[in-house]
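**Student:** pasting the sequence and the predicted coordinates here, then a few questions.
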Amino acid sequence: MLPEFPAPALRLDIDRDAIAANWRALDRLSGAARAGAAVKANAYGLGARQVVPLLHEAGCRDFFVAHWAEAAELADLADPTSIAVLHGPLSDGDVAFARASGVVPVLNSLAQVQRWTAAGGGRCHLMVDTGMNRLGVTLAELGEEAVQALDIDVLLSHLVSSEEETDLNARQCRRWNEARGAVRHARASLANSGGIALGPDYHGDLTRPGIALYGGIPRAEMAPLLRQVARPQAAVLQVRDVAAGETVGYNATFTAPHAMRVGTIAIGYADGYLRCWSGKGVFHAAGVRLPVLGRVSMDMSVIDLSAAPEIREGDWVAAEYALPEAAVTSGLSQYELLTSLGRRFGR
């Protein structure tokens, strides 16, 4: 019999209390509306099966995923009727799953409306396009007989640039309100994370935060309300001394200016710690900054241990990964920083 499976040399330290606190802060900021949660893309890379129970315990009762497979993975953790699939029913199989499970389809086109209605219909959400030109029926299509006959719980739209000061926000809000007056529905939803900070005109009955739940800061005024959630950590695989003039890593992009003590750690671009961190990333241990040296490779990176002589093989270091600052340093979006984190992390 095999012994217990070894722990990975990578782990994602997830602050469970911070997730719940962030949802409660966003729910309060939503005013009279209730905050839901976007848990698509494996809860933005953090692990949806771990995150959904935390959000449910905090009070969240509306969850949004992109794919039907994501809904199936979560249906035992929350009332299936509280889970909505944003991509909508693309096949008769999707419709059959929705009707059997209670998972709610978000209808995005007349074709999806007709597919849902032909199977008997029932409670659904409807996405209306107010300027994204991505998913959703048009304002003109709201007058179609099939749309008017729908049992719509949530009438949704999605903001293009909620993190910016732009006339697009007010324009979309006006169109969303026009849609609210054109079709019967129980609830209305427009605001994503950044949209919540735009004020009550954008809140409707339900807000749909995503990145802000997980420590992202979509708008500067939200920073005092939200806490960092995720911190990637990696084990030190090897420690070595490098003489002045020697190079480190692929293509010799770093040359030691003096004798250095360096460590090879178990994280690389296959784990979502991408090559953009080469020569820019920083790890920490015991309050000491440990810069990344040279080029990040597939499974490993090298850090400067000169200021941390106590670190040995098997010790752990944590990436500097507060999302707003990490986005500036890496050139990645806050969304990419989380969703690119790979499956080799223990979560």
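**Tutor:** In hand now; what should we look at?
**Student:** return stretch 323-337 as CSV; C-alpha atoms alone will do.
**Tutor:** The C-alpha coordinates for stretch 323-337 follow below in CSV (Å, rounded to 0.1, in the frame of the first residue of the first chain):
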residue,chain,number,x,y,z
LEU,A,323,-3.1,42.4,-6.7
PRO,A,324,-3.0,46.1,-7.6
GLU,A,325,0.7,46.4,-7.0
ALA,A,326,1.4,43.1,-8.7
ALA,A,327,-0.5,44.2,-11.8
VAL,A,328,1.6,47.3,-12.1
THR,A,329,4.9,45.3,-11.7
SER,A,330,4.0,42.4,-14.0
GLY,A,331,1.9,44.2,-16.6
LEU,A,332,-0.9,41.6,-16.1
SER,A,333,-4.4,42.4,-15.1
GLN,A,334,-5.6,41.6,-11.6
TYR,A,335,-7.8,39.0,-13.1
GLU,A,336,-5.0,37.3,-15.0
LEU,A,337,-2.8,37.2,-11.8
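**Student:** now do it, average pLDDT.
**Tutor:** Mean pLDDT, stretch 323-337: 98.
**Student:** same check on stretch 193-204?
**Tutor:** 98.
**Student:** contacting residues for Ile152?
**Tutor:** 124-126, 183-186 (C-beta atoms under 8 Å, 6 or more residues apart in numbering). For glycine as for every other residue, the C-beta is placed from the backbone atoms N, C-alpha and C.
**Student:** am I right that it is in a strand?
**Tutor:** Yes: Ile152 forms part of a strand when assessed by DSSP: H, G, I helix; E, B strand; the rest coil.
**Student:** about what we covered before: list just the nearest of the contacts of Ile152 to Gly279.
**Tutor:** Distances from Gly279 to the contacts of Ile152, taken as C-beta to C-beta, are shortest for His125 (46.0 Å).
**Student:** contact partners of the strand or helix carrying that closest one?
**Tutor:** Under the criterion of DSSP states H and E, His125 resides in strand 123-127. The contact list for strand 123-127, computed with C-beta under 8 Å, 6+ apart, reads 81, 84, 86, 88, 104-108, 113, 116, 135-137, 147, 150-158, 183, 185.
**Student:** run the last query once more with 6 Å
**Tutor:** Among residues not part of strand 123-127, those counted as contacts by C-beta atoms under 6 Å, 6 or more residues apart in numbering are 84, 104-108, 135-136, 151-156.
**Student:** for Ala96, state which of the residues you listed is nearest.
**Tutor:** Pro105 (11.2 Å).
**Student:** can you list the strands that the strand or helix carrying that closest one pairs with?
**Tutor:** Taking DSSP H and E as the criterion, Pro105 maps to strand 104-107. Strand pairing for strand 104-107, using DSSP bridges, gives strand 83-85 (parallel), strand 123-127 (parallel).
**Student:** now the end-to-end length of stretch 281-301.
**Tutor:** Stretch 281-301 has an end-to-end distance of 10 Å (C-alpha to C-alpha, to the nearest Å).
**Student:** one more: stretch 274-289?
**Tutor:** First residue to last in stretch 274-289 (C-alpha to C-alpha) measures 19 Å.
**Student:** quick one: the helices in the stretch 201-347 of the chain?
**Tutor:** Per DSSP state H, counting those that start in this stretch, the stretch 201-347 of the chain carries helices over the ranges 323-330, 334-339.
**Student:** most tightly packed of the ones you listed?
**Tutor:** helix 334-339 (a mean of 21; mean count of other C-beta atoms under 10 Å).
**Student:** remind me what it packs against, helices and strands.
**Tutor:** Helix 334-339 is packed against helix 40-44, helix 323-330, with contacts defined by 3 or more C-beta pairs under 6 Å, 6 or more residues apart in numbering; DSSP states H and E.
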